[in-house]
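1. Quick check, what structure comes out for this input:
(chains A and B)
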Amino acid sequence: MLAFELFMQGLVQGSIYALIAVGLTLVYGLLRILHVAHAGLFTLGGYIGVLVTNATGSLALALLTAMIAVGFVGMALYRFCYQPILDRPPYVALIASIGLFIAMEEIFRIIFGPYGLSYTAPPLQAPIILLGMNLKAAEILTMVGALILIGGLGVLAGRTRTGIAWRATVKDPQMAESFGIDIVKVRYLNFFIGSALAAAAGVMVALLNNLVEPTMGSVPSYKALAIIVLGGLGNVRGTLIASLALGVIESFGTIYLGFLLDRDAIAFAFLILVLMIRPQGLVGRSNG
Amino acid sequence: MLRLEAMSCGYGPFSAVAELTLQVAEGSVFALIGANGAGKSSTIMAIAGHVDLHGGSITFDGRNLSGVPARQRVRAGMGLVPEGRRLFSDLTVDENLTIGGYCRAAERTPENRARVLDLFPRLKERLDQAAGSLSGGEQQMLAMGRALMTEPRLLMIDEVSLGLMPKMVDVCYDVIRRLKDRGITILVVEQNTSRALEVADHVCVLESGRQVWQGTAAEARADSGLVEAYLGLAEAQ
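-> Now for the predicted structure:
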């Protein structure tokens, strides 16, 4: 029973990682940019979630507002920070992104204070017995929400003309343009969706921890970068597998290796170990 | 229909084609021939809007294409089968055809798809297969089918026969003849000169980025010097 409970806890955590990392891998797949500032959008989503919930009492409205607002902020980041430097070497965008992330953390500190914000009446904290396990409603929402959002992304990418055009642009932007696809619009769409997913993750983490603080994106940013490498850079399916695997390993590791390493150290030890064995990632093909 | 007037193009500061002048009449097949590196593919890619224009002009239906992005050229009726086919290899055959029809209204896709599958029945059995898993000949069929989904009035095909078995080359040239019969104008780039001359009405020979000969296909066949220099070379290959 403990194993099943740990597995479920791992899936909850893995769902959060998936929501963050999928956006990151989408941006990498399309523009070959390591978008570190993505974690800042995750934090912004958390703040908007808490503020709107406290103001209106509606978590659903908060989630929707956070996703839409952060989606537009993501598009603005592309327009004003990345688009002007797209023709420069990739490290230029990486440095810009790191600087942007640090600036966002400081802006959050200045605006919202250094100690973080909490829900005045935390929603969905009631325990629910599911398959004999005691889970918070918020945890169930996290899993179900991630499933719906990522499932929706799958439907968009696989079943709609826009989604197919999006995948074609990732594969070969020049050819995609040859068939009438506006690749600039695809980039904006990419940033909107990726940022909205990160915002949803931010709202859910704020819900689970009842806390949003300026630096809450730091550790997820490192982990999300490692996850997209583990999943095979730019590979959405690989990223999902890597996210869930990491969540489950962390969950079990905290119980069985907790005397030796803390949660984050376990996660990074796992990532280093896997990359030593499969440097091409979990689902990538070896070039050797 | 298509007119290049002293057209020069290249990549950044590097020139690939210099002062090329040609005119492709509506409903005809025009062949650009020449050895590897002659500038044939650069010419097609410049017409499609993917290679920088350094000088001169390209007009299509009387409209100067200077500064017109590639996605608008395809809407104007210019379809492209690029060198190496450049299919979206992770996407299925059906999805590649869907992308081909992206520049037209979604309602037209089923009708256009049916027309393409009628032309290439082999693709019908492969609709759910990833494009990257097809044989070379099937990939060429898909590349041509994808371009036809754009409802082109001018179809530009780069290296029809490259890397294909002779039987597949026959299939592709048979399709080119059928498309010509339907009134589609075709600009074909070929190293296999003898095959190009079978279908072409007009021929332009390029060498090191410059035009060295231009005339009708009949004149090309009758020009012994040209046959020796280019046609013979291609047959030896």
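2. Check which helices and strands the helix or strand containing B:Ser41 sits against.
-> Taking DSSP states H and E as the criterion, B:Ser41 maps to helix B:40-48. Under the contact criterion of 3 or more C-beta pairs under 8 Å, 6 or more residues apart in numbering or on different chains; DSSP states H and E, helix B:40-48 touches strand B:2-11, strand B:14-24, strand B:29-33, strand B:52-60, helix B:70-76, strand B:78-81, strand B:154-158, strand B:185-190. All C-beta spots, glycine's among them, are computed from the backbone N, C-alpha and C.
3. can those go into TSV with extra columns for mean pLDDT, mean neighbour count and distance to chain A?
-> Converted to TSV, these look like this (pLDDT from 0 to 100; neighbours: other C-beta atoms under 10 Å in any protein chain shown; distance: least, C-beta to the nearest C-beta, whole Å):
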stretch	mean pLDDT	mean neighbour count	distance to chain A
strand B:2-11	92	18	13
strand B:14-24	91	18	16
strand B:29-33	92	26	18
strand B:52-60	91	17	13
helix B:70-76	92	20	5
strand B:78-81	94	26	5
strand B:154-158	94	24	10
strand B:185-190	92	25	15
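4. I'd like the average pLDDT over stretch A:65-72.
-> Stretch A:65-72 shows an average pLDDT of 97 in the prediction.
5. Give me the distance from that stretch to the chain's centre.
-> Between the centre of stretch A:65-72 and the centre of its chain there are 14 Å (C-alpha atoms, centre = their mean, to the nearest Å).
6. ok, back up a step: what about the helices and strands packed on helix B:40-48, which gets the closest to A:Pro173?
-> Comparison of those against A:Pro173 by C-beta to C-beta identifies helix B:70-76 as nearest, at 10.5 Å.
7. Stretch A:136-154 vs chain B: in contact?
-> No - contact between stretch A:136-154 and chain B, assessed by C-beta under 8 Å from any C-beta of the partner chain, is absent, since the two come no nearer than 14.2 Å.
8. what sits against the residue lying farthest from the centre of chain A?
-> In chain A, counting by C-alpha atoms, centre = their mean, A:Ser178 sits farthest out from the average C-alpha position, at 31.9 Å. When contacts are counted by C-beta atoms under 8 Å, 6 or more residues apart in numbering or on different chains, A:Ser178 touches B:48, B:50, B:70-71, B:74, B:80, B:82.
9. tell me which strands and helices the top helix by length along chain A is in contact with?
-> Ordering each helix of chain A by length in residues (DSSP state H) puts helix A:2-31 first. Helix A:2-31 makes packing contacts with helix A:38-56, strand A:133-136, helix A:137-159, helix A:161-171, helix A:183-209, helix A:218-230, helix A:236-256 when contacts are defined by 3+ C-beta pairs under 8 Å, 6+ apart.
10. Quick one: closest of those to A:Ala96.
-> Distances from A:Ala96 to each of these were compared using C-beta to C-beta; the minimum, 12.6 Å, belongs to helix A:38-56.
11. Specify the angle between the closest one and helix A:183-209 in degrees.
-> In terms of direction (axes from the mean of the first three to the mean of the last three C-alpha atoms, to 10 degrees), helix A:38-56 departs from helix A:183-209 by 60 degrees.
12. The strand or helix carrying A:Leu94 - contacts with which helices or strands?
-> In the assignment (DSSP H and E), A:Leu94 maps to helix A:90-112. Contacts of helix A:90-112 with other secondary structure elements, assessed using 3+ C-beta pairs under 8 Å, 6+ apart, are made with helix A:38-56.
13. Pull out the buried residues from the helix or strand following the helix it packs on.
-> Sequence-wise, the next helix or strand downstream of helix A:38-56 (DSSP H and E) is helix A:59-77. Neighbour counts using 16 or more other C-beta atoms under 10 Å in any protein chain shown place A:59, A:62-67, A:69-71, A:73-75, A:77 of helix A:59-77 among the buried residues.
14. got the contact list for residue 66?
-> Assuming you mean chain A. A:44-46, A:48-49, A:52, A:199-200, A:202-203.
15. My question was about chain B, not that one.
-> B:Ser66 neighbours (C-beta under 8 Å, 6+ apart): B:53, B:57-58.
16. rewinding a little: need the contact partners of the helix holding A:Leu94.
-> Contact partners of helix A:90-112, identified using C-beta under 8 Å, 6+ apart, comprise A:31-37, A:39-40, A:43-44, A:47, A:77, A:81-82, A:85-86, A:212, A:214-215, A:217-218, A:221.
17. Using PyMOL, make a named selection holding only the buried ones among those.
-> The PyMOL command for the buried members of the contacts of helix A:90-112 (criterion: 16+ other C-beta under 10 Å) is given here:
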select buried, chain A and resi 31+33+34+35+36+37+39+40+43+44+47+77+81+82+212+214+217+218+221
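18. Show me the one of the helices and strands packed on helix A:2-31 that comes nearest B:Val199.
-> Of these, the one closest to B:Val199 (C-beta to C-beta) turns out to be helix A:161-171, at 30.2 Å.
19. List the contacts of whatever residue of the stretch 1-150 of chain A ends up closest to chain B.
-> Here the residue of the stretch 1-150 of chain A nearest chain B is A:Gly29; by C-beta to the nearest C-beta that distance is 11.0 Å. Under the criterion of C-beta under 8 Å, 6+ apart, the contact list for A:Gly29 reads A:170, A:233-236.
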